[in-house]
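>>> Requesting a structural model of the entry that follows:
(chains A and B, ligands or ions: 2)
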Amino acid sequence: MNPALLLFIARRHLSSNFLRTCISVGGVAIGVCFMIMMSSLMTGFEGKFVKETIESSPHVTVFDDFRAGEDDFDHWADRAAGGPVEVEGGKPRSRIFRIKKPLEILDSVRRLEGIEAAAPNVVGSSILSFGAKETGSTMYGIDPEAQEAVVATDQYVQGGRMTDLYSSGGAVIVGSGVAERLGVKKGDTIGVSLRSGGTRSLKVVAILHTGVTTIDFSRSYVLVSLAQQVLGMGRDVNRIVMRLRDHTQAPEIAVRVEKLVGYRTESWQEANQNFLSIFVLQQAITYIVTSGIMIVAGFGILNILIMLVLEKYPEIAMMKSMGFTARDIALAFFIEGVAIGILGVLVGSSLGYYLTEFVGTLPIPQKGLVESEHLIMNNMPRNYYIAAAAAMLVTMVASVLPALRAGRMDPVETLRGHA
Amino acid sequence: MIAASPRPVLETRGLVRVLGEGDARNEILHGVDLAIPQGEFCAIMGPSGSGKSTLMYLLGALDRPSGGSVLIDGADTAKLDDDALAAVRNRKIGFIFQFHYLMPEFTALENVMMPLLKGGASSRQARARASALLGDLGLGDKLGRIPGRLSGGEQQRVAIARSLANEPLVILGDEPTGNLDTKNADRVFAVFEQLAREKRQTIVVVTHDPDMAARTDRILRIVDGRIVDDGPTKEVLERMG
Ligand SMILES: Nc1ncnc2c1ncn2[C@@H]1O[C@H](COP(=O)(O)OP(=O)(O)O)[C@@H](O)[C@H]1O
Ligand SMILES: [Mg+2]
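Ligands and ions are numbered 1, 2, ... in the order given. This next block holds a predicted model:
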């Protein structure tokens, strides 16, 4: 074997058949370019969603509920085992709509490792009215200072701060969508229906605009005590929200908290499971589609290399008569394929970078899950590594067959055919 | 004439080559025995389809016998693996075919450098040796040309330079002048004569041309896969009439 010589031969073959080389490099480059762009788009959207979610919602939440456990009669009525009893007309156990002794729970979770902050919440549906207009809203009773340590909401508040809720009796901050529906602006006074009957007036001290439509169109914030009054909750709360030092640890910590406090405890991943699983599916689809492009490029290389090998049969026969081994010749053609792959990755990566940047500047406004003026592109190195790995895998697989064929060709058969 | 060395450079014993299988089975060579000493310039003659090329591939370790044996410089090719055979071809054999099979993307110089580089020569050594060879063959001013820009005769001379690159013990030419005009064929044979006389290289050439064959030391005649005549050139040519 003689690597320098084989490289020399491969390089000359590629540079002398310039057009053919360009076409196969182009095929790989297009695959790489689109794979980078598509995964930037997909991970960009997902990344923004996750970022906004972990900023704007608690990492771990304790609910006024128990996880559906095994029923006491379940083992009696085990259907699979053909149990002796069948339970009919069973009703779910009555839900508990309160978290008792919230202050003690707050105290103990705050002492847990990995928990940065915790705050009590009173959450319930309420009906807000402004003149003749009415709209439903999910009312959050919060302690603004403790809450801000858990979810950074202040940055989304327009015309005020969360702490403005402390101001003289009956302040509310409504989501921009809610404000829109009611037609209110900062300074207006709106009404809220009390569970116990009657209404109470609230002064809009600020508007909340997060860009997440589901939040903006539903939420209103008041102090804990006010929400307790509106929802008729006495001195109890129904949620405890937490912020973690590391949001990726949420599932494990949620399990620990649940064991500690006994109430159902949910991580942000569990709360957003449906979205996160859509992202997984979306990524899978992206990779399947772009792999398709890559495989087409692979067939292009396969085709071009097979043609090259067949065309060069007489020369390969001569090379064998000069003492080149099957391995030498296979390797020379394999190097050609790999070189096409490497060039394709280099060209495709730079094209992919600019395409991604360009697509990111297109004015395509988005509303819904996430609000943005443009497509959100995550032009990150990982996309390039994955595209490069896929391209190299495909080119190597596509090169093996022609290379082996070149190596195994029988020189005598070819020479007979020509002589 | 130069005295034959005790051990022949090329030798076959009961050499049989069968091509095809089953109904297509075709015995091409039916037990060929020959021995060619070092420095001999030898012609192989015979009608088309008689097995001359088949014999050449076997003598050059490009092909393996179906029966009997081929000894190249005393080594039985049947006992060597593919890599060892490739090494034998690189060091001991120089092939020239009717068609030159030059590598079209490489210059004349680079084509001649190939077997040298394959044999492990440094780029500098290979370049020096290849340009000297091409100079000897009158191509000193065309080193940098690719084959497509050389005439047929020039291309065949590049192929000859390439076959000589590693100073092989044996040069095998399968109708090397079959594609050339008389003037160019003449030149090629002059080179062969010189190599045999001055460098004691063994040369075996298949030719149909009695005028060319007349310039060799010995003629082997093959008909239907058997050697039917073998002797000094003059005698064989006389017997052929
Ligand atoms: N693949 C093959 N299978 C069977 N017979 C073959 C095959 N290839 C060539 N032959 C036969 O081998 C014989 C010898 O061929 P060759 O050595 O090329 O003869 P020459 O070089 O003397 O013209 C021919 O008769 C040809 O028909
Ligand atoms: Mg022939």
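>>> in which helix or strand would I find the residue in the stretch 1-150 of chain A positioned nearest to ligand 2?
When scored by Cβ to the ion, the stretch 1-150 of chain A has residue A:9 as its residue closest to ligand 2, at 28.4 Å. Placement of C-beta: from N, CA and C, glycine included. Secondary structure from DSSP states H and E places residue A:9 in helix A:3-16.
>>> cool, residue A:392 as well?
Using DSSP H and E, residue A:392 falls within helix A:381-408.
>>> From ligand 1, how far off is residue B:166?
Residue B:166 is 25 Å from ligand 1, where distance means Cβ to the nearest ligand atom, to the nearest Å.
>>> Now that we're looking at that residue, what pLDDT does it have?
Here, the pLDDT recorded for residue B:166 equals 94.
>>> which residues sit in contact with it?
Under the criterion of Cβ atoms under 8 Å, 6 or more residues apart in numbering or on different chains, the neighbours of residue B:166 are B:90-91, B:94, B:115-116, B:119.
>>> Can you turn the buried part of these into a PyMOL selection?
Those of these that count as buried under 16 or more other Cβ atoms under 10 Å in any protein chain shown are selected in PyMOL with:
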select buried, chain B and resi 90+91+94+115+116+119
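>>> what's the closest of the contacts of residue B:166 to ligand 2?
Proximity of the contacts of residue B:166 to ligand 2 (Cβ to the ion) peaks at residue B:94, which lies at 17.8 Å.
>>> need the residues of chain B near ligand 2, please.
For chain B, the contact set with ligand 2 under Cβ under 5 Å from the ion comprises residue B:53.
>>> From residue A:406, how far out is whichever residue of chain B sits closest to chain A?
Closest contact between chain B and chain A, by Cβ to the nearest Cβ, is at residue B:90 (2.5 Å). According to Cβ to Cβ, to the nearest Å, residue B:90 stands 18 Å off from residue A:406.
>>> about what we covered before: now the residue of chain B closest to chain A. Nearest residue, chain neighbours left out?
Excluding its sequence neighbours, the residue lying closest to residue B:90 (Cβ to Cβ, 6 or more residues apart in numbering or on different chains) is residue A:323, at 2.5 Å.
>>> Let me see the contact set for residue 17.
Picking chain A for this. Contacts of residue A:17 (Cβ under 8 Å, 6+ apart): A:308, B:105.
>>> hmm, I had chain B in mind actually
So residue B:17 contacts B:27-29, B:51, B:54-55, B:58, B:63, B:65-67 (Cβ under 8 Å, 6+ apart).
>>> can you check residue A:127 too?
Neighbouring residues of residue A:127 by Cβ under 8 Å, 6+ apart: A:134-137, A:192-193.
>>> Quick one: the helices in the chain, in order.
If you meant another chain, say so; for now it's chain A. Taking DSSP state H as the criterion, chain A contains helices spanning A:3-16, A:18-56, A:102-110, A:144-150, A:176-182, A:213-216, A:224-231, A:250-261, A:268-271, A:273-311, A:313-321, A:326-361, A:381-408, A:411-418.
>>> hmm, I had chain B in mind actually
Using DSSP H, helices in chain B cover B:52-59, B:82-92, B:108-118, B:123-136, B:152-164, B:182-199, B:210-213, B:233-240.
>>> ok so, going back, what number of neighbouring residues does the residue of the stretch 1-150 of chain A closest to ligand 2 come out with?
Neighbours of residue A:9 under the rule other Cβ atoms under 10 Å in any protein chain shown: 26.
>>> Show me the contacts of residue A:127 that map onto strands.
Among the contacts of residue A:127, the members falling in strands (DSSP state E) are A:134-137, A:192-193.
>>> Now neighbour count, pLDDT and distance to residue A:390 too, for those residues, in a markdown table please.
Below are the ones in strands among the contacts of residue A:127 laid out as a markdown table (neighbours: other Cβ atoms under 10 Å in any protein chain shown; pLDDT from 0 to 100; distance: Cβ to Cβ, whole Å):
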| residue | neighbour count | pLDDT | distance to residue A:390 |
| --- | --- | --- | --- |
| A:134 | 15 | 92 | 55 |
| A:135 | 21 | 93 | 49 |
| A:136 | 12 | 93 | 48 |
| A:137 | 25 | 94 | 48 |
| A:192 | 22 | 94 | 56 |
| A:193 | 15 | 91 | 58 |
